[in-house]
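# Mind looking at a prediction? Sequence and model below.
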Amino acid sequence: MKQPSFYSLRFHLILLVIIALIPALGLQLHAIWEQRQNTLAEVGANAFRLADLAGREEGRLIEGARETLISISQFVRFHYNEPEQCRTFMASLLKQYQRYSNLGAVKPDGALLFSAVPRRNLAEAIHPLLVRHVIDTRDFVIMDTRFGGGTEQSSVIAAYPVIDNNERVSMAVFVLFDPYWFNYFEFDLETHLPEKSMLTMIDSEGFILAHYPNPENWIGQPIPNPELLQTILRQRKGVVALPDSDGIRWLHGYTTVLTSLKSRPVYLVLSIPKEFAFADLDRRLIRNLIGIGIVALLAIIAAWLGGDFFVLRKINAIAEAARRLRDGDLTSRTGLPDRGGELNQLSHAFNEMASELERKESQRQAAVDQLKVSREELRSLSLHLQTAIEQERTRIAREIHDILGQELTALKMDLSWLANKLTKEEALLLGKSKSMAALIDRTIEDVQRISSELRPGILDDLGLTAAIEWQAEEFQKRTGIHCVVNYNPEDIVLGKELSTTIFRIFQEALTNIMRHANATEVSVRLEQQPDEIMLDVMDNGKGIPEARVSDHNSLGLIGIRERVRFWRGQVDITGWPNKGTRVSVRIPLDMREEAYDKDTDSR
């Protein structure tokens, strides 16, 4: 029997398997310590996560209190002379909210008007500073308050002003939170806690504000482990392992809860028995070691029974073909027969994949070429349509201005001549002639306006700068939106087609502002650089949503992009919520306009 060579592939495969076992075993030994550290970190992370949930729960509580007080203030504003009805209304609301212990209203001097639940010491909870703060801010106010002399009587109160018809604060409505509101979580707390764990919330004096499970046995009691309290007050957040009074060691993950409802710091503690926390880790370690042993045995058998001819030769052929394919050679094939075992099937699948990639690449390239041609044709068509539209606008505007304008002027002159021939005795006819003259004047103004909207003559006669200034003034007169225009330089000279493009873009931007922005001010900047022309239109409106910018139904924005794209320019449309929208256009100054004019002339 031939002895295996130390240089054979089989031997090297087996040797690699054995060598691979050494670091695997080392990693598993290291994992014992590392995974325990991860468990400690996970306890801390769970505490931080639960603290974040508690913070968000507080946010929902505050917002709910704000909405409730706003509703109450509206009711009280119209029924303040009916205290019994107001008290009944608040009592009905109080039944719906288990986190509230009372609802009511106070005068600006702090005197109690009425409340859902009468209490002797309620006035102690309504601190004069709270009422004064509500009057000064005329807005929602919340603060921590303590009354009755004990920690168990600590609570939180929120207030909201009631504004009368004279815009004065006539009273303040308030909501008093249940002292143990921390225990009324709206989410399922059990799903967020590890098994066998406890969740405790304490203040800086060590009194328990909330506890899960069995809160009724813990709330209001001091924390039973003074060493844990000292650690929390010293480090604020972290993980510590401490024994309890029975000698059982616990892992405690603790952190500060960011709350605006308590005047003192609040801490959240997640506690898990150390033995239980590491039990699953120990079981997993044993399973992993058994799995590594089984995999190692199978790998040694596979390496022994494999061999170069049955495995690696075919694998190398497939790998080499794959490398050639990766380098861009789509004609790469393995050269192995299609019949045989799994590797031959893999080789056949690879060859089919390479053939399909080659075919699809050819189709893709053909589609790309066709798409380029189609896009150029569409842009040429768009150019032709825009040119034809502008020419037709110019022709119609000129005919309206020249023909209708002249005829209306002649008609007005004839009417004036006729009016001069009338005597004073013909007062009815004189009045009628004056009204007809006024109608003719308005018609002449309408003709001039329509002609300017079709094709402003100022754009052709005085240039882009004057046309922008004129359009801004017309926009301000029509909408009442203040419009400021800046130029650099003041006299910007461009070709006819580029000037028309920039002017139409400016018109479309103003149209969008008028229709959608709810703005009060528009700032326009037109600047000519040696190599480009820049147009920025900025408003202070509500801001265009991101989805609207890319909406295929926003035809106005699409028109702006198409106009800019023809000139190889760039357009940036950006909106900020309640801050406004900016349309920024950059068009290079090159030979593009000359090519545009030549192409237009050829058509």
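Yep, that arrived.

# Please count neighbours and contacts with C-alpha atoms only from this point.
Fine.

# which strands and helices sit next to the strand or helix carrying residue 470?
In the assignment (DSSP states H and E), residue 470 maps to helix 464-479. If contacts are counted by 3 or more C-alpha pairs under 8 Å, 6 or more residues apart in numbering; DSSP states H and E, helix 464-479 sits against helix 457-461, strand 482-488, helix 496-512.

# which of the ones you listed is buried the deepest?
Using mean count of other C-alpha atoms under 10 Å, the stretch among the helices and strands packed on helix 464-479 with the largest mean neighbour count is helix 496-512, at a mean of 18.

# Looking at that helix now, give me its mean pLDDT.
Mean pLDDT, computed over helix 496-512, is 86.

# same check, this time on stretch 328-347
Stretch 328-347 shows an average pLDDT of 75 in the prediction.

# If you count neighbours, what's buried in it?
330, 332, 333, 334, 336, 343, 344, 346, 347 (16 or more other C-alpha atoms under 10 Å).

# what does stretch 210-225 give?
Applying 16+ other C-alpha under 10 Å to stretch 210-225 flags 210, 211, 212, 215, 218, 219, 220, 222, 223 as buried.

# from the residues you listed, which is closest to residue 90?
Using C-alpha to C-alpha, the shortest approach to residue 90 within the buried residues of stretch 210-225 belongs to residue 210, at 27.3 Å.

# Over to that closest one. Which of the three states is it?
strand (DSSP: H, G, I helix; E, B strand; the rest coil).

# Check whether it really touches residue 198, as I assumed.
No - look at residue 210 against residue 198 with C-alpha atoms under 8 Å: they stay out of range, at 10.7 Å.

# re the thing from before, residue 172: which of the helices and strands packed on helix 464-479 is closest?
Closest approach to residue 172 among the helices and strands packed on helix 464-479 (C-alpha to C-alpha): strand 482-488, 40.2 Å.

# Now do the closest one against helix 496-512, angle only.
With axes from the mean of the first three to the mean of the last three C-alpha atoms, to 10 degrees applied, the angle from strand 482-488 to helix 496-512 works out at 150 degrees.

# and the closest residue to residue 577 other than its chain neighbours, what helix or strand is that in?
Leaving out its chain neighbours, the residue that sits closest to residue 577 by C-alpha to C-alpha, 6 or more residues apart in numbering is residue 543, at 4.9 Å. Assigned by DSSP H and E, residue 543 belongs to no helix or strand.

# do residue 530 as well
Using DSSP H and E, no helix or strand contains residue 530.

# Then the one 4 residues further on?
With the criterion set as DSSP H and E, the secondary-structure element containing residue 534 is strand 532-539.

# With residue 553 instead?
Residue 553 belongs to no helix or strand, assigned by DSSP H and E.

# Next one: it from residue 564, what distance?
Residue 553 sits 18 Å away from residue 564, going by C-alpha to C-alpha, to the nearest Å.

# ok, residue 198 to residue 38 distance?
Applying C-alpha to C-alpha, the value for residue 198 to residue 38 is 20 Å.

# Please apply the same query to residue 586.
Separation of residue 586 from residue 38 (C-alpha to C-alpha) stands at 54 Å.

# just to revisit the earlier point, what about residue 198 and residue 38, which has more around it?
Taking other C-alpha atoms under 10 Å, residue 198 and residue 38 do not tie; residue 198 has more neighbours (17 against 13).

# Which of the three states applies to the residue lying closest to the more buried one once chain neighbours are set aside?
Leaving aside its chain neighbours, residue 198 sits nearest to residue 271 (5.1 Å; criterion: C-alpha to C-alpha, 6+ apart). At residue 271, secondary structure determined by three-state DSSP is strand.

# count of residues packed around residue 271?
24.

# again, but for residue 248
Around residue 248 there are 11 residues (other C-alpha under 10 Å).

# now the one 3 residues further on
Close neighbours of residue 251, defined as other C-alpha under 10 Å, add up to 24.

# That one and residue 241 touch, don't they?
Yes - taking contacts as C-alpha under 8 Å, residue 251 lies within contact range of residue 241: 4.5 Å.

# Quickly list what's touching both of the two.
Shared contacts of residue 251 and residue 241 (C-alpha atoms under 8 Å, 6 or more residues apart in numbering): residue 274.

# Compare residue 553 and residue 564 (neighbour count), which wins?
Comparing residue 553 with residue 564 by other C-alpha under 10 Å, the one with more neighbours is residue 564, at 21 against 10.

# Name whatever forms a beta bridge with residue 536.
Residue 536 has these beta-bridge partners by DSSP bridges: residue 525, residue 584.

# if I pick it, what's in contact with it?
Neighbouring residues of residue 536 by C-alpha under 8 Å, 6+ apart: 523, 524, 525, 526, 582, 583, 584, 585.

# picking up where we left off before, of all pairs in the buried residues of stretch 210-225, which one is the farthest apart?
212 and 222 (15.1 Å).

# the domain parsing of this structure - what is it?
With domains defined by automatic domain parsing, the chain comprises 185-278, 462-602.

# would you turn those domains into CSV with distance to residue 33?
Formatted as CSV, the domains of the chain follow (distance: least, C-alpha to C-alpha, whole Å):
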stretch, distance to residue 33
domain 185-278, 11
domain 462-602, 49
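
# what's the least confident stretch among those?
Ranked on mean pLDDT, the bottom entry among the domains of the chain is domain 185-278, at a mean of 76.

# From the chain's centroid, how far away is stretch 409-419?
Chain-centre distance of stretch 409-419: 65 Å, with C-alpha atoms, centre = their mean, to the nearest Å.

# Report the buried residues of that stretch.
412, 415, 419.

# which residues does the first one contact?
When contacts are counted by C-alpha under 8 Å, 6+ apart, residue 412 is found next to 437, 440.

# Doesn't it belong to a strand?
No - with three-state DSSP as the criterion, residue 412 is located in helix rather than a strand.

# Helices along the stretch 151-300 of the chain, start to end?
Here the stretch 151-300 of the chain has its helices, by DSSP state H, counting those that start in this stretch, at 226-235, 274-305.

# So which elements touch the first one?
Packing contacts for helix 226-235, counted by 3+ C-alpha pairs under 8 Å, 6+ apart, involve no helix or strand.

# List of residues touching it?
204, 206, 223, 242, 254, 255, 267.

# So which of the residues you listed are in strands?
Residues of the contacts of helix 226-235 located in strands (DSSP state E): 242, 254, 255, 267.

# from these, which single one is nearest residue 156?
Nearest to residue 156, judged by C-alpha to C-alpha, of these is residue 267 at 17.2 Å.

# how about the spatially closest residue to the closest one that is not a sequence neighbour, what does it touch?
Sequence neighbours aside, residue 256 is the residue nearest to residue 267 in space, at 4.5 Å (criterion: C-alpha to C-alpha, 6+ apart). Neighbouring residues of residue 256 by C-alpha under 8 Å, 6+ apart: 51, 236, 237, 265, 266, 267, 268.
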